[in-house]
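Enquirer: Have a look at this prediction, sequence included:
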Amino acid sequence: MPNRDRRFYYKRDRLKQLRAFCFSAETGRISKAAERMFLSQPSVSLLVQALEKDLSAKLFERNGPRIQLTPEGRLLYELAAPLVEGMETLPATFAEKSQNIVSGELRIAAGETAILYILPEAMKAFTESYPAVHFNLHNVTARDGLALLRANEAEFMVGTLLEMSDDIEYRPLGAYDPMLITPRDHPLAARKDITLEDIAAHGLILPPRHLSSSRMVDLVFEQHHVPYQIRLEAGGWEVIKQFVARGLGISICASLCLTGAEDLAAIPVGQYFPRRNYGIILRKGKHLSPAGRHFIDLLSQTNLRADPAGKPVRFAQGRRLSKGGKRDI
């Protein structure tokens, strides 16, 4: 092969090698990188091995199917990841710079609460401006959402973040009050001063226990040494609100989950339970697509269901939500 052809072949394969390396580093598995590249696992292994040979460096420590970056591998990843991500988003970036319509797929990780009560309004407004963007929503827990971010399988996450880490950036969107919800004719609905013992005397309906909202409730009762009973575990606040309205139990949710149209009593219990914070969660140094940047800007500017003072919605203590969204004393 002439020298010129060899140089061309070398440059052509370098991007493949770096993509194979970066995807393997992000997913921790050669097999996962192969799925993302639509190649066989042996092909990706050969690309990584060729890169190691070219650079005269060992890039991964291999332990069965899982792999970890060596110090040399971490250095190369810091240099190569922005290049690979820039190439991945090149078509959308080019379209934006050319003043064309922002297009492509926008992958977002979010919990069910964010999907139901935060994202729809912003997605509707965004779609009106950028109809060529296709949304791909991953309904996940906070832990699984972080895994998707680190594997570059979601561009960002919208939800709550209980623990910060060095590789994660958090941009707050709003904080919402904890509310006790009961049927309208429940004994607690007419009470002005409600204690944890009052709440514990009635069976609670909560999301599955592994979710942060349930763990928070459990932690508060435990810290105050108040035993309580979970009558029912149900997935999704819309389901839980329906069960509460039918008298199957009571629950504690963030004010964000209440639209004002529920047939429920809603009583603030912020003296016991913390406010629920929601925000945008990104991997530090993440190269966002044009669609991702536009959507995050829109979401950051959207004051969802805020009162005239710009604060998150609060329900007046002792008021009840009746049909049609009216509040009864």
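Expert: Happy to help now that I have it.
Enquirer: Where does pLDDT dip in this structure?
Expert: Confidence mapping of the chain against pLDDT under 70 gives the ranges 1-12, 95-102, 302-329.
Enquirer: 80 instead, please
Expert: When residues are selected by pLDDT under 80, those of the chain lie in 1-13, 64-65, 91-103, 161-164, 210, 302-329.
Enquirer: all strands for the protein, in order.
Expert: Remark: strands assigned in the chain by DSSP state E are 60-63, 66-69, 104-110, 133-139, 156-159, 168-176, 178-182, 204-206, 230-233, 251-254, 264-268, 276-283, 320-321, 327-328.
Enquirer: Direction-wise, compare the longest one with strand 276-283 and give the angle.
Expert: The reference is to strand 168-176. On the basis of axes from the mean of the first three to the mean of the last three CA atoms, to 10 degrees, strand 168-176 is oriented at 160 degrees to strand 276-283.
Enquirer: what's the neighbour count on residue 298?
Expert: Close neighbours of residue 298, defined as other CB atoms under 10 Å, add up to 16. Bear in mind the C-beta positions are built from the backbone N, C-alpha and C, glycine included.
Enquirer: got a list of what it touches?
Expert: Counting by CB atoms under 8 Å, 6 or more residues apart in numbering, residue 298 makes contact with 122, 125-126.
Enquirer: The same query, at a cut-off of 6 Å, please.
Expert: Contacts of residue 298 were listed using CB atoms under 6 Å, 6 or more residues apart in numbering, and they are 122, 126.
Enquirer: Look up how far residue 117 lies from it.
Expert: Summarising the geometry, the distance separating residue 298 from residue 117, computed by CB to CB, to the nearest Å, is 16 Å.
Enquirer: circling back: any idea which of the strands of the chain gets closest to residue 191?
Expert: Each of the strands of the chain was scored for nearness to residue 191 using CB to CB, and the closest is strand 264-268 (7.6 Å).
Enquirer: Provide the strand pairings for the closest one, with the direction of each partner.
Expert: Strand pairing for strand 264-268, determined by DSSP bridges: strand 178-182 (antiparallel), strand 320-321 (antiparallel).
Enquirer: which residue ranges form the helices in the stretch 101-250 of the chain?
Expert: 112-117, 119-129, 142-150, 196-200, 212-223, 237-245 (DSSP state H, counting those that start in this stretch).
Enquirer: Kindly compare burial across the ones you listed and name the winner.
Expert: Each of those was assessed for mean neighbour count using mean count of other CB atoms under 10 Å. The highest is helix 112-117, with a mean of 21.
Enquirer: Show me how far that one is from its chain's centre.
Expert: 10 Å (CA atoms, centre = their mean, to the nearest Å).
Enquirer: Same question for stretch 143-160.
Expert: When C-alpha coordinates are averaged (CA atoms, centre = their mean), stretch 143-160 and its chain have centres 6 Å apart.
Enquirer: Run through who's touching that stretch.
Expert: With contacts defined as CB under 6 Å, 6+ apart, stretch 143-160 is touched by 26-27, 107, 109-111, 114, 138, 142, 212, 278, 280-283, 292.
Enquirer: Check the residues you listed and tell me the two furthest apart.
Expert: When the contacts of stretch 143-160 are compared pair by pair using CB to CB, the two farthest from each other are 27 and 278, 27.5 Å apart.
Enquirer: In terms of packing, which of those two has more residues around it?
Expert: Looking at residue 27 and residue 278 with other CB under 10 Å, you find the greater number of neighbours at residue 278, namely 24 against 21.
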